Every structure is written in C-alpha cells, then in structure tokens.
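Asks: Predicted structure and sequence below. I'll ask about it afterward.
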Amino acid sequence: MAFGRVPREFIDDLLVRADVVEVINARVPLKKKGREYTACCPFHNEKTPSFTVSPSKQFYHCFGCGVHGSALSFLMEYEHLDFIEAIESLADSLGIPVPREQSGKGPSQAQLQRAKNLFTLLEDANKYYQLQLKSAPNAIEYLNNRELSQKIIQRFNIGYAPVGWDNILKTFSNSYSEQQLIDSGLVIQKEENNKKYDRYRDRIMFPIRNRKGQVVGFGGRVLGDEKPKYINSPETTVFHKGSELYGFYEARLNTQKLDRIIVVEGYMDVIALAQFGVSYAVATLGTATTSDHLKQLFRAVPEVIFCFDGDRAGREAAWRALENAIPMTQDGKEIRFLFLPDGEDPDTQIRKIGKDAFEAAYDQATSLTAYFIEKLNERFNITSDEGKARFLGEASKHLKNMPDTLIKDQLLARLAKLTNVGIKTLSRRDLINNEKRSEPSLSFSRLSNREVRQTPIRYAVSLLLSDPTLVKYIDNFEQIALSELPGSDLLTTLIETIQESPQINAAALLERWRNTEFEAPLIHLMKWQPETDDEDVLRCELQDCLRQIRKRANEIKIEEMIHKARTTGLNDQETEEYAFLLRNRD
Ligand SMILES: [Zn+2]
C-alpha cells in the first residue's frame with residue numbers, strides 16, 4: 001500500500017536498534033540454546049522446538065514449517081500487520097517517530113495526503129450512494145423483492161448508484177481531483193479519447209470494507225438480468241482482491257463470540273445469511289480463496305467452512321479452495337466443505353430452511369482430508385496398479401505442500417489404508433519431494449562449511465551476512481562484478497550495499513531485498529553460521545574466497561580468448577589483454 005515510503009536508512013537503523021529476541025520473546029517465550037534461542041514454533045503446531053532465533057543476525061527461522069525473517073517479518077506474520085504497520089509498531093515500541101520521505105523515490109507529502117483522501121473519497125461515495133437509495137423507488141423495490149430488512153440494509157450500508165454517466169464526476173469534482181476519482185476506481189477514463197464517466201450506473205452498491213472498517217471498494221449489482229450482473233472495483237492502491245473478504249469486518253462487529261466463519265460466493269449470500277441470523281459469513285471478491293484470506297480467517301477463528309453451490313462450478317471452486325488451503329493446514333484449525341443441494345445457493349437455501357437447519361447441515365460438511373481423498377478417488381482408479389501409482393503421485397504432489405501436522409498424519413494413515421501401501425513408504429515418498437523443509441535439525445550451523453563452500457561466491461555471501469563489517473577487507477571487486485559467474489551480481493550488490501551503509505546488519509540487508517529475486521538465496525545463505533567469530537580467521541576465509549572467484553573469472557576470460565583466437569582471431573588490444581591474463585594466472 002502506498003502510504004508513504006519510509007526512508008530506507010530509517011528501516012536499516014530501526015533493525016539495528018531493535019532486538020529480534022526481545023520482540024519475539026515478548027510474544028513467544030524463548031529459551032537460550034547455545035548462541036541462539038528456540039521455542040515451539042508459533043506458526044505451526046509442534047511438540048519439540050524447531051523455531052530458532054539468532055541474535056547475531058537478528059533473524060529467525062523455523063526448520064519445521066520454513067517461516068523466517070527479521071523482527072519486522074515476525075510482527076507482520078504474528079500480528080498480521082502490513083509492512084508499514086510493522087515498522088510503525090516496532091518504532092513505537094522503541095519510542096522513535098517514523099519519518100516519511102518528502103520527495104525523490106517515495107511519495108511526497110502531497111501524494112500521501114492524496115492516498116489518505118482516497119479513503120475519505122470512498123467513504124464519501126458510500127454515504128452518497130446510501131443517500132441516493134432513499135430517493136430511488138426502483139432500487140428500494142428490488143431490495144424489497146429480495147426481502148432484505150431495513151436493519152440489514154443499514155448494517156451493510158447498501159446504497160444505489162443512480163442512472164447517468166457523470167453523477168460522481170459532478171458531485172465530487174469540487175472536493176477531489178479527477179485523478180483521485182479515477183484512482184479510486186469510481187470513475188473510468190477511456191483510453192481512446194480520455195473521456196471520463198462513472199463506473200457504476202443504475203446499480204445496487206455494496207461497500208467493501210477492509211479489516212479496519214475503511215471502505216476500500218464497491219461491488220455493484222444490476223437491478224434486472226443485464227450482464228455483467230456484478231461489477232467490482234478494480235485493484236487500486238487501497239483495494240486488493242486477494243486479501244479482502246467481503247463481510248469480514250461486519251461479521252466481527254456483529255457476532256458476539258466469533259468461533260467459526262463460513263465462506264460463501266457472493267455479496268447477497270453474505271447479506272441473506274446475516275439477515276437470517278448467520279452473521280459470520282464472508283465472501284471472496286470474484287477470486288478463489290487465497291492463502292492470505294485463510295491466514296486472516298485463522299487468526300480470527302479456529303474453524304472455516306467453505307460453502308459451495310451443488311453445481312459443477314461449485315465443485316471446481318471447492319477443489320481450488322482446497323489446493324490453497326493445504327499449505328495453511330494447522331492442528332487446532334479446522335477446514336470443512338459444505339455442498340448445498342443442486343440448484344441452491346446460501347441465499348435461497350437459508351430462506352427455505354432457516355437458520356437452525358442451515359447450521360445443522362454443518363455436521364454433514366466434509367473434512368479437508370475426507371474431501372481430498374474423495375476427489376482423488378473420483379479421478380483415479382486405485383484397483384489397478386497403474387491407477388494406484390497415479391493416485392499416490394497426485395496425493396504426494398499436494399502433501400509436500402502440507403506442514404507436518406496431526407492432520408497430515410491422519411491423512412497419510414487414511415491413504416495407507418485405502419491403497420494398502422505401508423505408511424512408511426508413503427511418508428518417504430512425501431519426504432523425498434520435501435527434503436529441504438523436513439530436515440530435522442535445530443541449529444543454524446547445520447549447513448556445514450563444505451556445503452556452503454560449494455561455490456566461493458556463496459561462501460563469501462554467507463560470510464558477509466554473518467558479519468557485514470568484513471566488507472572492509474574487500475577491495476577491487478570490479479573483476480567479480482564483470483565476471484558472469486553465477487551469483488556474482490548478488491555478491492556485488494551486497495558488497496556495494498554494505499559499503500554504502502556500514503552499520504547495517506543481516507536482518508536489515510534481508511529487508512532491502514524483500515520480494516526480489518535475491519530474497520530466497522539470501523535467506524538460504526543466512527542460515528549458515530561460521531564456527532568461529534575470530535575476525536582474523538573470517539578475514540582469511542573471505543579473502544581466500546575472493547581470490548578463488550577472481551581466479552575463476554580469469555580462467556573464464558582466458559577460455560573465451562582462446563576460443564576467439566581460434567575462430568575470429570584477436571586484435572592487438574585483445575592479444576595484449578590475453579598476455580596479461582596469462583601472466584597473472586596462478
Ligand atoms: Zn514453524
């Protein structure tokens with residue numbers, strides 16, 4: 001979200017001042033073990049601790065489920081904050097105000113103001129649509145026909161966008177710029193002729209609120225049978241379909257004790273269920289349920305029921321939801337699938353049978369494991385050896401995405417029973433695909449030097465991550481930069497970054513490359529820990545790496561020259577360079 005870029009130096013400094021051990025220990029009690037701290041992982045269910053925190057790197061890692069990161073990542077994951085909120089929370093705990101960039105790469109104060117205005121604009125539009133509903137008999141009649149009560153219309157702030165192409169444009173042109181109206185998704189600008197017009201015309205309007213209750217977008221429904229039946233706001237700086245759930249805010253507001261959530265397909269399902277007393281329904285916004293959705297839901301409740309129409313589209317949507325749910329399975333959290341009778345949706349069903357019968361049907365909802373097996377069974381014929389092999393192949397493809405949980409153990413047991421294949425064979429099959437995640441070691445030092453030494457570049461990166469101040473022993477790395485050795489770009493960038501910010505630590509370095517191609521290799525190399533902290537030894541190791549890298553770069557260049565000499569021949573300058581390279585070969 002573009003709420004003002006926080007200066008990079010501030011984030012570096014924050015991560016130097018904050019202590020990841022303190023941050024985590026305040027939420028999950030840690031035990032000291034050697035140079036590190038451990039605990040049972042707060043992100044997956046386990047009995048023996050595989051969650052490890054390194055004070056020197058300011059970095060945590062779980063060898064069970066693979067979560068990892070800095071104090072900021074921890075706050076994001078554990079308290080479900082976005083990046084900026086995590087920065088604010090961490091800075092707040094240290095009593096430091098968060099500065100915002102005035103100009104340059106980040107948004108200016110004016111831009112920040114505009115982003116804030118986007119929320120105000122959407123809220124103003126929401127009020128406008130609600131007001132319009134009062135003087136729109138056809139829209140009121142539509143809602144009456146759908147048998148929505150006044151109370152429910154108010155709870156969900158349902159409104160109406162009147163007929164006409166420029167109602168929003170005219171109403172808001174005094175308070176907001178045209179660009180803001182376009183940025184909010186309320187107004188469309190045609191590419192061909194730059195003509196602007198209202199996105200929503202003659203539609204019932206459903207405001208979509210984020211988890212803080214701010215309006216971030218709208219869904220608009222036609223009154224008749226025209227197509228498209230629904231229009232959703234486009235993705236904007238404040239609206240991301242993959243992470244918003246319609247009705248989630250209202251569900252938390254209107255349910256006394258929220259202990260389960262039911263996920264349905266549309267706005268009207270959420271609203272109809274609420275009207276009949278099922279106030280805990282949410283809907284995704286024209287997307288499949290994402291892992292981000294599930295993460296949010298599981299933070300709020302232990303049980304999520306996916307409710308699907310009984311038709312084919314419903315079944316397909318259910319399988320996609322299952323695929324996205326598998327990596328999110330946790331012991332103590334339940335996912336179930338409820339299929340309505342063919343031809344019914346939650347809206348029609350609850351009107352037909354009422355709240356009690358609707359809720360009673362939850363007992364017949366299929367568990368995630370049962371649904372998983374049922375679907376695979378439909379696809380493969382396990383009475384033949386070949387079918388069984390394909391069945392297990394498909395199963396293990398999904399199982400490898402599943403964290404080690406009791407749910408997984410149960411699933412393996414059921415698969416074993418069904419296929420008459422020993423459970424050990426099944427687990428092995430799963431583990432083979434899943435080697436990296438399942439290594440049962442507890443220490444950062446478990447990557448031996450030899451393993452990381454595989455290439456001198458990787459080893460050099462690991463050394464710099466374990467102690468960025470070693471950068472002072474590096475001079476003249478142009479040759480490495482120019483070489484096309486794998487990883488040389490990562491190493492060069494790392495060296496330059498540390499030289500620019502000598503105080504930086506490993507966690508802050510990692511934040512620099514969040515969501516980039518360098519993130520994964522950095523995390524991998526960060527897990528390694530030198531066996532000594534003797535600076536002289538580390539310096540020698542690093543210089544040895546650099547010498548090897550230069551040598552390898554030299555060799556590559558010589559090979560190229562030889563190839564060129566044999567094919568097109570070398571010019572004078574190249575001949576000289578070739579001689580130089582050969583002289584410096586060691
Ligand atoms: Zn874990």
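Replies: Sure, I can see it. Just so it is clear, the model here is predicted, and its values are computed rather than measured.
Asks: model confidence over whatever helix or strand residue 396 lives in, on average?
Replies: Taking DSSP states H and E as the definition, one finds residue 396 inside helix 385-399. Mean per-residue pLDDT for helix 385-399: 86.
Asks: Now for the residue lying closest to residue 223 once chain neighbours are set aside, how many residues are close by?
Replies: Leaving aside its chain neighbours, residue 223 sits nearest to residue 142 (4.8 Å; criterion: C-beta to C-beta, 6 or more residues apart in numbering). All C-beta spots, glycine's among them, are computed from the backbone N, C-alpha and C. Residues near residue 142, counting by other C-beta atoms under 10 Å, number 17.
Asks: quick one, strands of the stretch 101-250 of the chain?
Replies: Counting by DSSP state E, counting those that start in this stretch, the stretch 101-250 of the chain has these strands, from start to end: 159-161, 187-189, 196-198, 203-209, 215-222, 230-232.
Asks: what angle separates the fourth one from strand 215-222?
Replies: For strand 203-209 and strand 215-222, the angle between their directions (axes from the mean of the first three to the mean of the last three C-alpha atoms, to 10 degrees) works out to 160 degrees.
Asks: who touches strand 203-209?
Replies: 122, 126, 129, 139, 142-143, 156-161, 215-223, 231-233, 239, 244, 246, 249-250, 267, 271, 285 (C-beta atoms under 8 Å, 6 or more residues apart in numbering).
Asks: And that strand, how far out from the chain middle?
Replies: Offset of strand 203-209 from its chain centre (C-alpha atoms, centre = their mean, to the nearest Å): 26 Å.
Asks: Within its sheet, name the partner strands of that strand and how each one runs.
Replies: strand 159-161 (antiparallel), strand 215-222 (antiparallel) (DSSP bridges).
Asks: quick one: average pLDDT of it?
Replies: Across strand 203-209, pLDDT averages out at 96.
Asks: Pull that strand out as PDB, backbone CA atoms only.
Replies: What follows is strand 203-209, C-alpha atoms only, in PDB (Å, rounded to 0.1, in the frame of the first residue of the first chain):
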ATOM      1  CA  ARG A 203     -26.700  -0.400  -9.700                       C
ATOM      2  CA  ILE A 204     -27.200  -1.600  -6.100                       C
ATOM      3  CA  MET A 205     -24.000  -0.700  -4.300                       C
ATOM      4  CA  PHE A 206     -22.300  -2.900  -1.700                       C
ATOM      5  CA  PRO A 207     -19.300  -1.100   0.000                       C
ATOM      6  CA  ILE A 208     -16.400  -3.400   0.700                       C
ATOM      7  CA  ARG A 209     -14.600  -2.600   4.000                       C
END
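Asks: Give the helix, strand or coil label for the residue most central in space within the chain.
Replies: Nearest residue to the geometric centre of the chain (C-alpha atoms, centre = their mean): residue 292, 5.7 Å. For residue 292, the assignment made with DSSP: H, G, I helix; E, B strand; the rest coil gives helix.
Asks: now it: how far from residue 242?
Replies: Distance, residue 292 to residue 242, using C-beta to C-beta, to the nearest Å: 6 Å.
Asks: quick one: average confidence on stretch 189-198?
Replies: Mean pLDDT, stretch 189-198: 90.
Asks: That one: which residues count as buried?
Replies: Judged by neighbour count using 16 or more other C-beta atoms under 10 Å, the buried positions of stretch 189-198 are 196, 198.
Asks: contacts for it?
Replies: 161, 164-169, 178, 181-182, 186-188.
Asks: change it to 7 Å
Replies: With C-beta atoms under 7 Å, 6 or more residues apart in numbering as the test, stretch 189-198 has contacts from 165, 166, 167, 168, 169, 178, 182, 186, 187, 188.
Asks: for these, which one is nearest residue 68?
Replies: Nearest to residue 68 among those: residue 182, at 39.5 Å, using C-beta to C-beta.
Asks: How about the contacts made by the closest one?
Replies: For residue 182, the contact set (C-beta under 7 Å, 6+ apart) comprises residue 189.
Asks: mind checking how far it is from the ion?
Replies: Going from residue 182 to the ion by C-beta to the ion, to the nearest Å gives 43 Å.
Asks: Look up the pLDDT of that residue for me, please.
Replies: According to the prediction, residue 182 has pLDDT 93.
Asks: Residue ranges in the stretch 51-200 of the chain under the pLDDT threshold?
Replies: Per-residue confidence for the stretch 51-200 of the chain (pLDDT under 70) gives these ranges: 101-116.
Asks: Residues of it that sit close to the ion?
Replies: Residues of the stretch 51-200 of the chain lying close to the ion (C-beta under 5 Å from the ion) are 62, 64, 65.
Asks: Take those and keep only those in strands.
Replies: Among those, the ones falling in strands (DSSP state E) are residue 62.
Asks: Adding neighbour count and distance to residue 393, write the residues of the stretch 51-200 of the chain next to the ion out as JSON lines.
Replies: Putting these into JSON lines (neighbours: other C-beta atoms under 10 Å; distance: C-beta to C-beta, whole Å) gives the following:
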{"residue": "62", "neighbour count": "23", "distance to residue 393": "28"}
{"residue": "64", "neighbour count": "24", "distance to residue 393": "25"}
{"residue": "65", "neighbour count": "19", "distance to residue 393": "24"}
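Asks: Show residues contacting stretch 495-505.
Replies: 9, 12, 15, 16, 58, 464, 468, 471, 474, 477, 509, 512.
Asks: Can you give me the end-to-end span of it?
Replies: From its first residue to its last, stretch 495-505 covers 13 Å (C-alpha to C-alpha, to the nearest Å).
Asks: Can you mark which positions in that stretch are buried?
Replies: For stretch 495-505, a neighbour-count test (16+ other C-beta under 10 Å) marks 495, 497, 498, 501, 504, 505 as buried.
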